[in-house]
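Participant: here are the coordinates; sequence isn't available:
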């Protein structure tokens, strides 16, 4: 094993991994893609295979009971929170989810998207006892009912997701075309849309209808034209953050998530290079596609402004996107804001060499969003705080 590789035999997220909710058919498809497997990841692979049997059974039962009613469910125009990983999408999602007009995937819908309507009452009692109290990548609390990212659900339902990189980090050809979705075959595009719509209808049906789906996934940043064709009245909120903090925090995220959910050790040098290139690609795609969004359907937020004055920034979001209900949201978020004061962010040390590398690689982001380069005399053993 090279110096740049890390063993991933341990896990800081409890007994479950991202593949715990996969069904038999998709598990077989996953194996046919030939992921690199080492002894350290073999147990994770085997347990996922065993879980797939029960997932397929419960999925079949749920379809028999609920599919007709779910298909009849009407969708309101959704709201998508977008932006690069570690830019503050989770904070924004948590805050906006406290508006009762919105619904969102919780832990059950994220981990078991094919049968959460049927099994959630039981799974909630069992699984939440086995979950860690905090997310391993950023110390954010982990509870069953907090909003979760829908891209994990997409991955488990049909595998057409960039999150295949979790187990194929050394094979970018397996997952790269699932960012923008413009390279899908007609059959693949039809399946992706059908599955996504049904998942959103399940969320709406569970909530009793007449609510907007609020989704957060950095991957949707690449899909604005695709999503607008599906939902012409959709709203988008893009959040950006200091590139220095995004760099260090995203690298930590990928190391943690890929290590806890993949089947093989990681090449950290390659992981960092890929992460950097993905960020630059996200800037290019978003810079191009934001011009295509109709007036009043896209609003941009700066993480530092949201953190400093969440009420004012959220008010701007609601006003610009013509959303009702801000007064109720303002009341609902007060307890959460008090809890956030005790939240401890991860801390990273950044010296002058690291700063130079980040700035030279991501200079476009500094210019695009108006962030300033740190002065050189502030970089020797500087502590970089990034959740």
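Facilitator: Here it is on my side, so go on. None of the values given here were measured: they were computed from a predicted structure. Residues are numbered from 1 along each chain as shown.
Participant: Please make it C-alpha for all contacts and neighbour counts, starting now.
Facilitator: Fine.
Participant: mind listing the strands in this structure by residue range?
Facilitator: 5-6, 79-82, 102-103, 212-216, 235-240, 266-267, 298-302, 347-350, 382-385 (DSSP state E).
Participant: Dump these to a markdown table, plus mean neighbour count, mean pLDDT and distance to residue 246.
Facilitator: Output for those, formatted as a markdown table (neighbours: other Cα atoms under 10 Å; pLDDT from 0 to 100; distance: least, Cα to Cα, whole Å):
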| stretch | mean neighbour count | mean pLDDT | distance to residue 246 |
| --- | --- | --- | --- |
| strand 5-6 | 15 | 46 | 22 |
| strand 79-82 | 25 | 98 | 14 |
| strand 102-103 | 22 | 97 | 28 |
| strand 212-216 | 24 | 97 | 17 |
| strand 235-240 | 23 | 98 | 9 |
| strand 266-267 | 20 | 82 | 20 |
| strand 298-302 | 18 | 98 | 13 |
| strand 347-350 | 16 | 69 | 11 |
| strand 382-385 | 15 | 52 | 10 |
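Participant: Nearest to residue 118 among the ones you listed would be which one?
Facilitator: Nearest of the strands of the chain to residue 118, taken as Cα to Cα: strand 102-103 at 17.9 Å.
Participant: What is that closest one packed up against?
Facilitator: Packing contacts for strand 102-103, counted by 3 or more Cα pairs under 8 Å, 6 or more residues apart in numbering; DSSP states H and E, involve strand 212-216.
Participant: Name the strands paired with the strand it packs on and say parallel or antiparallel.
Facilitator: Paired neighbours of strand 212-216 in the sheet (DSSP bridges): strand 79-82 (parallel), strand 102-103 (parallel).
Participant: Just put these in CSV and tack on distance to residue 57.
Facilitator: Converted to CSV, the strands paired with strand 212-216 look like this (distance: least, Cα to Cα, whole Å):
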stretch, distance to residue 57
strand 79-82, 31
strand 102-103, 27
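Participant: which stretch among those comes nearest residue 180?
Facilitator: Smallest distance to residue 180 across the strands paired with strand 212-216 (Cα to Cα): 13.4 Å, for strand 79-82.
Participant: Residue 362 touches residue 246, doesn't it?
Facilitator: No: look at residue 362 against residue 246 with Cα atoms under 8 Å: they stay out of range, at 10.5 Å.
Participant: ok now stretch 328-343, how far from the chain's centre?
Facilitator: Taking Cα atoms, centre = their mean, to the nearest Å, one finds the center of stretch 328-343 at 22 Å from the center of the full chain.
Participant: For residue 229, find the nearest of the strands paired with strand 212-216.
Facilitator: Ranking the strands paired with strand 212-216 by their distance to residue 229 (criterion: Cα to Cα) puts strand 79-82 first, at 14.0 Å.
Participant: what's the closest one in contact with?
Facilitator: 89, 92-93, 212-221, 234-239 (Cα atoms under 8 Å, 6 or more residues apart in numbering).
Participant: do that again at 6 Å, thanks
Facilitator: Strand 79-82 is contacted by residues 214-218, 221, 234-238 when judged by Cα atoms under 6 Å, 6 or more residues apart in numbering.
Participant: Need the max-distance pair from those.
Facilitator: 218 and 234 (16.0 Å).
Participant: neighbour-wise, which of the two wins?
Facilitator: Taking other Cα atoms under 10 Å, residue 218 and residue 234 do not tie; residue 218 has more neighbours (24 against 21).
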